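J.: after the sequence you'll find the predicted model.
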Amino acid sequence: MAFSVSSSFERIRTVLDATPGDALPSLAALTAAADSLPASLPYNGLGEEATTTHLLQEVAPGFNGPKTSANYYGFVTGGVLPIAEVADNIVTAFDQNVQVHLPDQSVSTVVEDRALTMLIELLGIGSPDQWLGRTFTTGATGANTLGLACGREAIIAKRLESAGEHQGVGELGLLRACAKAGITEVQVLTSIGHSSLYKAASIVGLGRASVKTISGANPWEIDLQALEQKLKLAESGCVSIVAISAGEVNTGKFATDGLKTMQEIRKLCDEYGAWLHVDGAFGLFARCLPDTPEFSALRTAASGLELADSITGDGHKMLNVPYDCGFFLTRSGAILPQTFQNPNAAYLSAGPSSIPSPLNIGLENSRRFRALPVYAVLVSYGLVGLQEMFVRQVRLARGIASFLYGHGAYEVLATDGKDFEDTHIVVLFRAKDETTNAELVKRINGTRKIYVSGTAWDGKPAVRFAVSTWKVDVERDLELVKKVLDDVVRS
Ligand SMILES: *Cc1c(COP(=O)(O)O)cnc(C)c1O
């Protein structure tokens, strides 16, 4: 009998729907899954039917639940909205290669661009023609890498122009360009930058050591005075990229407190020739919350980010599309191709168009059609539907925060009040008792019902909840979370 893809899809759903929905599989299931893998390449293959059974019945029980469980609060993971799962299967089934814009052959690049312009609308950062550089990436790490690459290209080009040189880093390379421009150092200024910022700095040749933290009174805030001092080094040949953490991954807090601060930073960047990048992987979506008193503090904190030269966002977190998906936006349509031009391949040229070929504006040549699940989510839910999802996430996070606040055994960190009006989707806390605190993450995750991430805050262990799945049911989930948090300090 011929192998049937469609009946296999039904089997996938059946297994998925029967999965208990716990955050983690049992240790026994993990061991059994690992033990089921053949030790080496089969000489005669199992065949597609038997392999489907192997995958679904032996391997899949060893998967964890960041995307399938309603109660996985580690990292920031999001879930997978049903329509996004469907779209992702369509992506695989039709397997479009979104690298060259060929509008008379495939609509895929048009869909990708429309998804990007609708994202710009969703985020309320202006109109699509203000963000002419735009592309999907594999995630926020990819987008931060694009951000630093564009920043590097732009700030060095400015100096090169003054020196009468019209080629940039993309052509000359970093060493020659800096020598010609009289640049001795390129620094990345941030406050608790995400780890991927350091990685991006290494990839684009600036080095991890180029990332400098200039925090204010609260460590997640950027210190404007220190920023100006560092930017002034431009006078002695040190040029800068400013990277705004919006929000910071341990606390969910924003490096800036609103439009006025962003305006000041914008002004400083213009004065000293610096590039302004925003890492808004998940925090960016605070901008889409309803304009009501409940969310006004958050909306204020996230305002002004539109003044950046470039913005990183994630699709596979708050938007609840499958891995992997992020996006990158920058104002100029020219800066991406200056860096990412894939030259000398006449067979890949698309001819003039308002939609650039993705291969000339990002890392990859051949690319997955990762725009389609985003497009499907945006079209299916619209602004109001997405707001409703974001609201549930924020309410659960605030519910957890206020439970912890009123609980004798816990202490909520990185917050100044008990109203949690500035709480987005991340809650940072610890147990007051040091011994309990040292093993708190282990105890919580040991229940395997919910999953949280451990981190360090003020030099001591701390725990964070990050609420980001579409599956949130505030009452139901709060009940489970409270029970687990009660139990683990009692035992
Ligand atoms: C998750 C995250 C990243 C890295 O994103 P990936 O999608 O995992 O590459 C970068 N910055 C921030 C603020 C994040 O939360």
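T.: Structure received.

J.: now do the strands in the stretch 51-200 of the chain.
T.: All strands of the stretch 51-200 of the chain, identified by DSSP state E, counting those that start in this stretch, fall at 72-73, 133-137, 185-190.

J.: before we move on, what about the stretch 201-350 of the chain?
T.: Going by DSSP E, counting those that start in this stretch, the stretch 201-350 of the chain shows strands at 211-213, 238-245, 275-279, 310-314, 326-330.

J.: before we move on, the earlier item: make a markdown table out of the strands of the stretch 51-200 of the chain and add mean neighbour count and mean pLDDT.
T.: Where C-beta positions appear, they are placed from N, C-alpha and C, glycine not excepted. What follows is the strands of the stretch 51-200 of the chain, written out as a markdown table (neighbours: other CB atoms under 10 Å; pLDDT from 0 to 100):
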| stretch | mean neighbour count | mean pLDDT |
| --- | --- | --- |
| strand 72-73 | 28 | 96 |
| strand 133-137 | 25 | 98 |
| strand 185-190 | 23 | 98 |
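
J.: output those strands as TSV; include the columns distance to residue 104.
T.: Shown next, in TSV, are the strands of the stretch 51-200 of the chain (distance: least, CB to CB, whole Å):
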stretch	distance to residue 104
strand 72-73	44
strand 133-137	21
strand 185-190	42
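
J.: which among those is found nearest to residue 204?
T.: strand 185-190 (9.2 Å; CB to CB).

J.: the closest one vs strand 275-279, what angle?
T.: 40 degrees (axes from the mean of the first three to the mean of the last three CA atoms, to 10 degrees).

J.: so what touches strand 185-190?
T.: If you take CB atoms under 8 Å, 6 or more residues apart in numbering as the criterion, strand 185-190 is touched by 148, 152, 155-156, 178, 197, 201, 206, 210-214, 222, 227, 230-231, 233, 237-245, 255, 274.

J.: buried among the residues you listed? Make that a ChimeraX selection.
T.: In ChimeraX, this line selects whichever of the contacts of strand 185-190 come out buried by 16 or more other CB atoms under 10 Å:
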select :148,152,155,156,178,197,201,206,210,211,214,222,227,230,231,238,239,240,241,242,243,244,245,255,274
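
J.: if we can go back for a sec, between the strands of the stretch 51-200 of the chain, which one is nearest to the ligand?
T.: strand 133-137 (8.2 Å; CB to the nearest ligand atom).

J.: is it possible to export the strands of the stretch 201-350 of the chain to TSV including mean pLDDT and distance to the ligand?
T.: TSV is the format used below for those (pLDDT from 0 to 100; distance: least, CB to the nearest ligand atom, whole Å):
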stretch	mean pLDDT	distance to the ligand
strand 211-213	98	13
strand 238-245	98	6
strand 275-279	98	5
strand 310-314	98	5
strand 326-330	98	5
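
J.: what is the burial count for residue 235?
T.: 8 (other CB atoms under 10 Å).

J.: all numbers from here: first residue = 147
T.: With the count now opening at 147, the last piece we talked about shows up as residue 381.

J.: what's the spacing between it and residue 324?
T.: 16 Å (CB to CB, to the nearest Å).

J.: go on, residue 217?
T.: 50 Å.

J.: just list the residues touching residue 441, thanks.
T.: Counted by CB under 8 Å, 6+ apart, residue 441 has contacts 432, 435, 537, 540.

J.: tell me the pLDDT at it?
T.: Note for residue 441: predicted pLDDT of 97.

J.: from the ligand, how far off is it?
T.: According to CB to the nearest ligand atom, to the nearest Å, residue 441 and the ligand sit 20 Å apart.

J.: what of residue 467?
T.: 11 Å.

J.: likewise residue 372?
T.: Distance from residue 372 to the ligand, by CB to the nearest ligand atom: 21 Å.

J.: contacts only, for that residue.
T.: 360, 362.

J.: okay, buried residues for stretch 487-505 please.
T.: 488, 496, 502, 503, 504, 505.

J.: for the fourth one, report the pLDDT, please.
T.: When you say that, I think you mean residue 503. On the pLDDT scale, residue 503 gets 95.

J.: contacts only, for it.
T.: So residue 503 contacts 245, 246, 247, 255, 494, 495, 496 (CB under 8 Å, 6+ apart).

J.: would you confirm that residue 500 belongs to a strand?
T.: No. Counting by DSSP: H, G, I helix; E, B strand; the rest coil, one finds residue 500 to be coil, located in no strand.

J.: any idea how far it lies from the ligand?
T.: With CB to the nearest ligand atom as the criterion, residue 500 and the ligand are 28 Å apart.

J.: backbone phi and psi for that residue, please?
T.: phi -80, psi -20 (degrees, to the nearest 10).

J.: what about it, distance to residue 247?
T.: Residue 500 is 9 Å from residue 247, by CB to CB.

J.: now do the shared contacts for the two.
T.: With CB under 8 Å, 6+ apart, residue 500 and residue 247 have no common neighbours.

J.: closest to residue 464 among the contacts of residue 441?
T.: residue 432 (9.2 Å).

J.: tell me the contacts of the closest one?
T.: 393, 400, 441, 444, 445, 447, 448, 536, 570.

J.: tabulate these (CSV), appending distance to residue 589.
T.: As requested, the contacts of residue 432 are arranged in CSV below (distance: CB to CB, whole Å):
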residue, distance to residue 589
393, 27
400, 31
441, 33
444, 31
445, 36
447, 32
448, 34
536, 30
570, 26
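
J.: drop anything exposed from those.
T.: 393, 400, 441, 444, 445, 447, 448, 536, 570.

J.: got a pLDDT number for the residue of the chain found nearest the ligand?
T.: Using CB to the nearest ligand atom, the single residue of the chain nearest to the ligand is residue 285, 2.7 Å away. In the prediction, the pLDDT value recorded for residue 285 is 98.

J.: pretty sure it contacts residue 470?
T.: Yes. Between residue 285 and residue 470 there is a contact under CB atoms under 8 Å: 5.2 Å.

J.: what residues are shared contacts of these two?
T.: With CB under 8 Å, 6+ apart, residue 285 and residue 470 have common neighbours residue 462.

J.: thinking again about what came up before, widest-spaced pair of the contacts of residue 503?
T.: Across the contacts of residue 503 (CB to CB), the longest gap, 13.9 Å, separates 255 and 495.

J.: tell me, what's touching the two both at once?
T.: 246, 503.

J.: about what we covered before: in helices, which of the contacts of residue 432 fall?
T.: The helices, defined by DSSP state H, take in 441, 444, 445, 447, 536 from the contacts of residue 432.

J.: quick one: contacts for the closest residue to residue 633 other than its chain neighbours?
T.: Closest residue to residue 633 apart from its sequence neighbours, by CB to CB, 6 or more residues apart in numbering: residue 593 at 7.4 Å. The neighbours of residue 593, taking CB under 8 Å, 6+ apart as the test, are 630, 633, 634.

J.: dihedrals phi and psi, residue 593?
T.: According to degrees, to the nearest 10, residue 593 has phi -70, psi -20.

J.: next: the one 10 residues further on.
T.: Dihedral angles phi and psi of residue 603 (degrees, to the nearest 10) take the values phi -140, psi 130.
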